[in-house]
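> With the input below, show me the fold.
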Amino acid sequence: MWQGANLGQKCFRNFGNQRGAGPKTLRWGVEQSRNLMTVQVANQIGMEHVVDLIQRVGVSKQKFPNYLSYALGAGETTVLRMVNAYSILVNHGRALNPTVIDFVQNRRGQVIWPENWRACDRCNARDYDGGAMPRPITRARQVVEPMSAYQIVHITEGVIQRGTATTLRELGRPMMGKTGTTSGPTDVWFVGGTPQLIGGLYLGYDSPTNLGGYAQGGSIAAPIFKQFAIPAFKGMEVLPFTAPAGIRMVRIDRASGRKVAGGWPTSDPLAGVIWEAFKPESEPQRRRRTPAEEAAERKTVEKKAAPATKAPSDSDFLQRQGGIY
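Modelled structure (predicted):
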């Protein structure tokens, strides 16, 4: 790939020199951690936008150069910065600042630190009045568009369900995350979690040292994170990732990404029909198809989607996913 007059040609490869798989969806590329798809996307949208986002979510204090290799994680960062960036995505794109101490109270229960502590109106009410739950006013800075942040969260849920971190699927709760393996490999990592808790795990030496050809984020980092998650998630309420206002959930064919009219997603992570999150302006529209096209798609969907005894309704899905707005 041509990187400009100063850098010339650069040959990017998938991990393990895996060959290309032909036209695939972006979701599949993220789930299977395909480098070539990531580089192609970064090249199409422009690396100036990629490095700008890297800086906005706090992965790096300084702005990286517009080199395609930074789309694959070539820049230096820390586990804390990566975990905080993923937390921003789960928080609908609102900025978060990691803290060791959240607040300090005096003997009378008054918050004396931080100085800008946000009081919560009606949080100490004696009786519930039946209204909305009181919450502190949100003052966080919006660094990523909410719907874009949720789309990435929804895609990275697939990494757990059928991608490179399927070992975490055994935890039996909605999770998002991403594995990583650097060249060598000299480092492996996993960052991800639930709506309530995001964590990160990194393995490597202070001085880059080859970990062995078998080392991968999915085979080493994710299983270790799992051992942490089992006690950490114990007793934690099982909650789904909620979608922000405006997101459209559409049934699509998992392989092609095309909208389908027949068949419903099932609990099988490898089902042919899945839900996908779209912005209103990018939601795929149905067109009038010929009888032959309808018959062919019906046969394809019947093979991929397990028949249900009762066709689920949109309201059923809304109750499970926390709402479509």
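> For the stretch 201-325 of the chain, which segments count as helices?
Using DSSP state H, counting those that start in this stretch, the helices of the stretch 201-325 of the chain run over residues 222-232, 291-304, 314-321.
> Of those, which stretch is the most buried?
Greatest average neighbour count among the helices of the stretch 201-325 of the chain goes to helix 222-232 (a mean of 16), per mean count of other Cβ atoms under 10 Å. For glycine as for every other residue, the C-beta is placed from the backbone atoms N, C-alpha and C.
> Show the contacting residues for Gly204.
182, 186-188, 211 (Cβ atoms under 8 Å, 6 or more residues apart in numbering).
> Nearest to Ala261, out of those: which one, please.
If you rank the contacts of Gly204 by distance to Ala261 using Cβ to Cβ, Val188 comes first, at 42.0 Å.
> which residues does the closest one form a beta bridge with?
Using DSSP bridges, the bridge partners assigned to Val188 are Thr181, Leu203.
> dump the residue contacts of it.
Neighbours of Val188 in contact, by Cβ under 8 Å, 6+ apart: 179-182, 202-204, 211, 215-217, 220-221.
> Ignoring the adjacent residues along the chain, who's closest to Glu48?
Nearest in space to Glu48, with sequence neighbours left out and distances taken as Cβ to Cβ, 6 or more residues apart in numbering, is Asn66 at 5.3 Å.
> One more: Gly75?
Phe64 (4.9 Å).
> What is the burial count for the one you found?
Using other Cβ atoms under 10 Å, Phe64 is surrounded by 20 other residues.
> my guess is it meets Ile54, correct?
Yes. Using Cβ atoms under 8 Å, Phe64 is in contact with Ile54, at 6.1 Å.
> What distance do you get for Asn84 to Lys226?
From Asn84 over to Lys226 the distance is 22 Å, taken as Cβ to Cβ, to the nearest Å.
> Then Lys299?
Lys299 sits 39 Å away from Lys226 when distances are taken as Cβ to Cβ.
> what does Lys234 give?
Note on Lys234: its distance to Lys226, by Cβ to Cβ, is 13 Å.
> and what of Tyr67?
Distance from Tyr67 to Lys226, by Cβ to Cβ: 34 Å.
> can you check Val59 too?
24 Å.
> Go through this protein and flag its longest helix.
If you go by DSSP state H, the chain has its longest helix at helix 146-162.
> Only the buried residues of that one, if you could.
Within helix 146-162, the residues that count as buried by 16 or more other Cβ atoms under 10 Å are 146-147, 149-162.
> so what does it touch, helix or strand wise?
In terms of contacts (3 or more Cβ pairs under 8 Å, 6 or more residues apart in numbering; DSSP states H and E), helix 146-162 is packed against helix 26-31, helix 79-90, strand 176-181, strand 187-193, strand 273-278.
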